[in-house]
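> Sequence plus predicted model, see below.
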Amino acid sequence: MGKILAKIKHFLSNKNTVTILCVLAGILVLYIGYNWRVNQATTPVSIPYAKNTLSSGHLITNDDIGTLEVSGTVLEKTKGIIRNRSQLVGKEVTYGNTIQANSFFYTDDVKDADENDYSALANIQDGYAPINLDVDLHSTFGNAIYPGNYIDLWFRGVDEDRKMIYEKFITSIQVLDVTDSNSKSVFETGAESREPAHLLFAVEDDLMELIYAAERVGELVPVPRNKSYSQNPEEMRIANVNLELWIRAQVAVTDTTANNIVTEE
């Protein structure tokens with residue numbers, strides 16, 4: 001037994017032997033790693049997909065989910081894909097999003113019900129008030145105004161001399177959403193075509209009163225700007241102080257006149 005151990009010790013102490021063994025060990029590691037990678041890439045993986053088109057806010061159930069065998073290679077190239085049914089059941093489709101039938105689910109597609117804000121109002125800053133401006137396809141320049149865009153508001157009216165007023169009123173207002181007559185987002189992903197009816201944005205509280213006053217004596221017109229304007233927005237401000245004073249004066253006159261009306265019985 002001692003002679004055998006001595007021979008083994010002598011064999012392993014040979015530098016050439018050690019080099020050969022290291023090379024063989026390296027080849028073995030590479031071979032095992034290569035086979036593992038190949039198996040990972042070629043072994044099919046069951047991935048959940050949407051059996052039907054799921055609209056914004058839909059609560060996902062098992063009935064909404066099918067599974068499809070996908071190779072590991074495809075998954076490596078696809079970021080954010082959800083691989084497990086348990087990550088979907090009980091979640092809701094993210095507000096403003098639609099998952100098309102036969103599509104895979106991605107992490108941005110779903111949220112917990114208590115975190116899924118159905119209204120852009122949830123993102124309004126403190127000290128700001130929401131404004132819902134009536135619009136149509138024409139006044140939005142053929143749906144050229146998108147959520148996230150910065151626009152200007154222009155005022156259109158008639159003065160005491162029956163002359164047309166068309167002036168820039170308030171600048172740099174961010175659009176929160178564009179909705180149809182059913183309060184559904186016009187730009188929600190999906191095949192359904194929706195026409196704009198309301199433009200949702202928020203202004204500082206002191207501007208809300210002024211905007212309502214302007215709507216009483218004239219009309220507010222949203223005017224889109226170019227991409228650079230939205231990427232580098234200025235501070236929201238009143239663009240024409242004289243116009244502001246005129247609007248306030250008109251509302252004051254109207255209110256005074258209304259208060260002086262006596263109803264005859």
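Sure thing, it's come through. Note that the coordinates shown come from a computational prediction; the quantities given were computed from them, not determined experimentally.

> surely Arg216 meets Leu210?
No - here Arg216 lies out of contact with Leu210, judged by CB atoms under 8 Å, at a distance of 10.8 Å. Heads up, the C-betas are built off the backbone N, CA and C, glycines and all.

> of these two, who's got more company?
More neighbours surround Leu210 than the other of Arg216 and Leu210, with 18 against 12 (other CB atoms under 10 Å).

> so that one touches Ile247, yeah?
Yes - between Leu210 and Ile247 there is a contact under CB under 8 Å: 6.9 Å.

> Kindly report the domain assignment for this protein.
45-115, 120-256 (automatic domain parsing).

> State the distance spanning the first to the last residue of stretch 133-146.
One end of stretch 133-146 to the other measures 14 Å (CA to CA, to the nearest Å).

> Quick check: buried residues in it?
Leu133, Val135, Ser139, Thr140, Ile145 (16 or more other CB atoms under 10 Å).

> Show me which of these is closest to Ala252.
Leu133 (23.2 Å; CB to CB).

> Report how many residues lie close to Leu199.
Leu199, neighbours per other CB under 10 Å, totals 25.

> Report the contact partners of it.
Asn132, Leu133, Asp134, Val135, Thr140, Ile145, Val175, Val178, Pro222 (CB atoms under 8 Å, 6 or more residues apart in numbering).

> what does Thr171 give?
Thr171 touches Asp152, Leu153, Glu234, Met236, Arg237, Ala239, counting by CB under 8 Å, 6+ apart.

> part of a helix, is it?
No - read with DSSP: H, G, I helix; E, B strand; the rest coil, Thr171 is strand and lies in no helix.

> and it, what pLDDT?
For Thr171, the pLDDT comes out at 95.

> And it, how close does it get to Glu235?
9 Å (CB to CB, to the nearest Å).

> Would you map the strands across this structure?
Per DSSP state E, the chain carries strands over the ranges 45-50, 65-70, 92-93, 110-111, 128-134, 150-158, 164-179, 198-204, 219-224, 237-238.

> before we move on, the earlier item: lowest average pLDDT across the domains of the chain?
domain 45-115 (a mean of 84).

> Span of that domain from start to end?
30 Å.

> on that earlier part again, among the strands of the chain, show me which one is buried the most.
Counting by mean count of other CB atoms under 10 Å, strand 92-93 has the highest mean neighbour count of the strands of the chain, with a mean of 22.

> helices or strands up against it?
Judged by 3 or more CB pairs under 8 Å, 6 or more residues apart in numbering; DSSP states H and E, the packing partners of strand 92-93 are strand 110-111.

> Please name the strands paired to the strand it packs on in the sheet, noting orientation.
strand 92-93 (antiparallel) (DSSP bridges).

> And the contacts of the strand it pairs with?
Contacts of strand 92-93 (CB under 8 Å, 6+ apart): 54-60, 99, 109-113, 116.

> which of the residues you listed lies closest to Ser46?
Taking CB to CB as the measure, Ser46 lies nearest Ile60 of the contacts of strand 92-93, at 17.0 Å.
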